[in-house]
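Chemist: one predicted model, sequence on top.
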Amino acid sequence: EAQVTQNPRYLITVTGKKLTVTCSQNMNHEYMSWYRQDPGLGLRQIYYSMNVEVTDKGDVPEGYKVSRKEKRNFPLILESPSPNQTSLYFCASTGARTGELFFGEGSRLTVL
Amino acid sequence: GENVEQHPSTLSVQEGDSAVIKCTYSDSASNYFPWYKQELGKRPQLIIDIRSNVGEKKDQRIAVTLNKTAKHFSLHITETQPEDSAVYFCAAGGNAGNMLTFGGGTRLMVKP
């Protein structure tokens, strides 16, 4: 089954404690990205990757890091989380020539 | 960069009525305009998209229209049903899903 898998789905953490949200896709997609969803603000892109070892900033990259060492994985790293990073996070992937974004199930992060 | 505005933010209709959601975009280079539906607690999923070489596209009860001159596009849902209740996002960008900017979302409520 074609899918994008994120973990963890829910996480409560404290300010400054490093965390990683993993994302994996099994569709051999070149392109992967991370979004955060906040009420009234839609889906805002954090980082994206066009292929292995190729990453770039989206609209709201501050406080986040990513890496793309393998085609299927695109983890999101919060080195020192702060309360304003409390949000719902989505990973997504798409093929190089298609338009449809396939989203993961989302990771709800709360930073106290 | 691209800026996408979406209206209204909430929309309530009676079952069987039509619903229209409108979006405007700023970058005349954008040529791909998808719409995503997000049911409560679920991931966004593509419901319809349109590219700049067409003005209208239909898929059963949903249709999208595009006016490139005015830089706006709209989603039309006819004969609404309770299962149409969800948050709808418009987006604009390049040919593929990798360069999309999303609108702020519209919460559609269909009353039985």
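Modeler: Yep, it's here.
Chemist: distance between stretch B:65-75 and the chain's centre?
Modeler: Put simply, stretch B:65-75 sits 11 Å off its chain's centre (CA atoms, centre = their mean, to the nearest Å).
Chemist: again with stretch A:14-32
Modeler: On CA atoms, centre = their mean, the centre of stretch A:14-32 falls 5 Å from that of its chain.
Chemist: how long is it end to end?
Modeler: One end of stretch A:14-32 sits 28 Å from the other (CA to CA, to the nearest Å).
Chemist: buried ones in it?
Modeler: For stretch A:14-32, a neighbour-count test (16 or more other CB atoms under 10 Å in any protein chain shown) marks A:Leu19, A:Val21, A:Cys23, A:Ser24, A:Gln25, A:His29, A:Glu30, A:Tyr31, A:Met32 as buried. (Each C-beta comes from the backbone N, C-alpha and C, glycine too.)
Chemist: again, but for stretch B:45-62
Modeler: Within stretch B:45-62, the residues scored as buried using 16+ other CB under 10 Å are B:Leu46, B:Ile47, B:Ile48, B:Asp49, B:Ile50, B:Ile62.
Chemist: one more: stretch B:5-19?
Modeler: B:Gln6, B:Leu11, B:Val13, B:Ala19.
Chemist: how close does the last one sit to B:Gly1?
Modeler: Here the distance between B:Ala19 and B:Gly1 works out to 29 Å (CB to CB, to the nearest Å).
Chemist: one more: the third one?
Modeler: According to CB to CB, B:Val13 stands 33 Å off from B:Gly1.
Chemist: what does A:Glu105 give?
Modeler: As judged by CB to CB, A:Glu105 and B:Gly1 stand 28 Å apart.
Chemist: of these two, who's got more company?
Modeler: More neighbours surround A:Glu105 than the other of A:Glu105 and B:Gly1, with 15 against 9 (other CB atoms under 10 Å in any protein chain shown).
Chemist: in terms of secondary structure, what does the lowest-mean-pLDDT helix or strand in chain B contact?
Modeler: Ranked by mean pLDDT, DSSP states H and E, the weakest helix or strand in chain B is strand B:100-102, scoring a mean of 91. Counting contacts by 3 or more CB pairs under 8 Å, 6 or more residues apart in numbering or on different chains; DSSP states H and E, strand B:100-102 packs against strand A:42-51, strand B:32-38, strand B:86-93.
Chemist: what lines up beside it in the sheet?
Modeler: Here strand B:100-102 is paired, per DSSP bridges, with strand B:86-93 (antiparallel).
Chemist: list of residues touching the strand it pairs with?
Modeler: A:42-43, B:2, B:4, B:6, B:21, B:23, B:25, B:27, B:30, B:32-40, B:44, B:47, B:73, B:75, B:99-103, B:105-108 (CB atoms under 8 Å, 6 or more residues apart in numbering or on different chains).
Chemist: one more: stretch B:58-76?
Modeler: Residues outside stretch B:58-76 that contact it (CB under 8 Å, 6+ apart): B:18-26, B:28, B:33, B:35, B:47-50, B:52, B:54-57, B:77-80, B:88, B:90, B:92.
Chemist: could you redo the last one with a cut-off of 7 Å?
Modeler: B:18, B:20-26, B:28, B:33, B:35, B:47-48, B:50, B:52, B:55-57, B:77-79, B:88, B:90 (CB atoms under 7 Å, 6 or more residues apart in numbering or on different chains).
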